[in-house]
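**Q** Just to be clear, the model below is a prediction. Sequence and coordinates:
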Amino acid sequence: MKNASRWNGYLFCGLLALMMIYSIPQLVTFASNEEETLSLYLDGQLSRKFEQKFDGDLPFKRSSISFWSDIRYVFFNEGESGVVVGRDDWLYSNEELLIPNKLDEVLSGHLKKIKTINDDLKAAGRDLIIVPVPLKAAIYPEHLKRPLDIRLAGLYQKFMRDLKSSNIKVVPLDSTFNDYKASHKSGAPLYLSRDTHWSPAGASLAAQTIATMYPDLVAGKSYQSATREITNYQGDLTNFVQASSWLAGSIRAPEEVPVYETVPIVDTTSPDALFGDVEQSIDLVGTSYSEIDAWNFHGFLQQSLARDVTSFSLKEKGPFVSMSQYMESDLAESDSASVIWEFPVRVLLMPDDRIESWQQALRNQF
């Protein structure tokens, strides 16, 4: 035991010596190439910048990450933190499947904020309509390797009841999505199998459902959506599967996604086209479900409502941040009487103190 302890000490000291030999030239080179070295050092920023560069240039880092990712994928069928690996090459964001402690308390907190936003918009002369986006795992639970928790399965309907009891207008999409899925078994899925978001088919169906639920919003302007091209879209959740390509296989493959373009149709022979009344716009506030062009939700919404829709959507910010920025900066400039709020239901599972989204987790992962 004494000999083993001695050799462990030798190995540890040798490792420290090797790291010192490797790091000192790196430090000298870094400092000589850095501008304003003294001021950065005095501010304490020089060490942080060097640490980031040193960590990024560390030998065998990528291979080590890949090795442990291979181990996790082969023996436990897991990806990195942020993704849940399902069957049939389906991936799910773990934000949809992690149930917080004191779920009812978390839901009540979110509902309270929504009520306040609804009241503030009413005071500003705006009519709020919430469009909750169902959990991907709730619409396609058959690809999960474990049964969906009953609390998650009933989350959407609970949210609907809470909104209706608060006299907040809402567009329920879950029943429409489930009906479509049942009647279009061979049709395009409503969510991408390896992405967090809905597909163009899901975005189009959501827009049609809004127009059906609120026909008073439908105006008389014509829009037409057409497929511009078919693209290979790399799902965001594949970034959380770091296993080697020969192991991960098709689970990291891109998906074919039709790219739509929506354009207004102007009838130049009609007098109304030249002298008709200008329809009041509708404001769309949302997240990446609305902002990412690949889904064309904004365009489908204009087509379904037959009117202009002004989008105030943000990526990677969440619905509350998007709505807050809309109300702070753009509300006074808009003359819209109605505000459509695209709201991913998975946000309800995130307590207020959980500030890191899965996109932030991905950026901080490596």
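**A** Looks like it came in fine.
**Q** Run through who's touching stretch 329-345.
**A** 121, 124-135, 155-156, 159, 210, 217, 280-287, 289-290, 297, 301, 309-310, 312-313, 319, 323, 326 (C-beta atoms under 8 Å, 6 or more residues apart in numbering). Heads up, the C-betas are built off the backbone N, CA and C, glycines and all.
**Q** My reading is that Val259 is in a helix; is that accurate?
**A** No. With DSSP: H, G, I helix; E, B strand; the rest coil as the criterion, Val259 is strand rather than part of a helix.
**Q** And the helices in the stretch 201-350 of the chain, which stretches?
**A** Here the stretch 201-350 of the chain has its helices, by DSSP state H, counting those that start in this stretch, at 245-248, 271-275, 288-291, 297-305, 319-325.
**Q** could you pull out the strands for the stretch 1-150 of the chain?
**A** Applying DSSP state E, counting those that start in this stretch to the stretch 1-150 of the chain gives strands spanning 83-85, 91-93, 127-133.
**Q** of all the ones you listed, which lies closest to Tyr233?
**A** If you check each of the strands of the stretch 1-150 of the chain against Tyr233 by C-beta to C-beta, strand 91-93 wins as the nearest, at 13.4 Å.
**Q** The closest one: which residues count as buried?
**A** Residues of strand 91-93 classed as buried by neighbour count (16 or more other C-beta atoms under 10 Å): 91-93.
**Q** Tell me the one of those nearest Thr116?
**A** Ser93 (27.2 Å).
**Q** Pretty sure that closest one sits against Asp195.
**A** No. If you go by C-beta atoms under 8 Å, Ser93 and Asp195 don't touch, sitting 9.2 Å apart.
**Q** and the strands of the stretch 1-150 of the chain, which is most packed in?
**A** Among these, strand 91-93 has the highest mean neighbour count (mean count of other C-beta atoms under 10 Å), at a mean of 24.
**Q** Report the rounded mean pLDDT for that one.
**A** For strand 91-93, the mean per-residue pLDDT is 94.
**Q** Direction included, what does that strand pair against?
**A** Strand 91-93 has its sheet partners listed here by DSSP bridges as strand 83-85 (antiparallel).
**Q** can you give me the offset of the strand it pairs with from its chain's centre?
**A** On the basis of C-alpha atoms, centre = their mean, to the nearest Å, strand 83-85 sits 15 Å off its chain's mean C-alpha point.
**Q** Equivalent analysis for stretch 151-161, please.
**A** Distance, centroid of stretch 151-161 to centroid of chain: 20 Å (C-alpha atoms, centre = their mean).
**Q** Flag the shaky bits of the stretch 151-300 of the chain, pLDDT-wise.
**A** For the stretch 151-300 of the chain, the stretches with pLDDT under 70 are 243-248, 267-279.
**Q** same thing but at 90, please
**A** Applying pLDDT under 90 to the stretch 151-300 of the chain flags residues 184-187, 220, 238-253, 265-281.
**Q** so where do the strands sit in it?
**A** Here the stretch 151-300 of the chain has its strands, by DSSP E, counting those that start in this stretch, at 169-170, 222-233, 255-265, 282-285.
**Q** can you state the direction angle for the second one and helix 297-305?
**A** Right, strand 222-233. Using axes from the mean of the first three to the mean of the last three C-alpha atoms, to 10 degrees, the direction of strand 222-233 lies 150 degrees away from that of helix 297-305.
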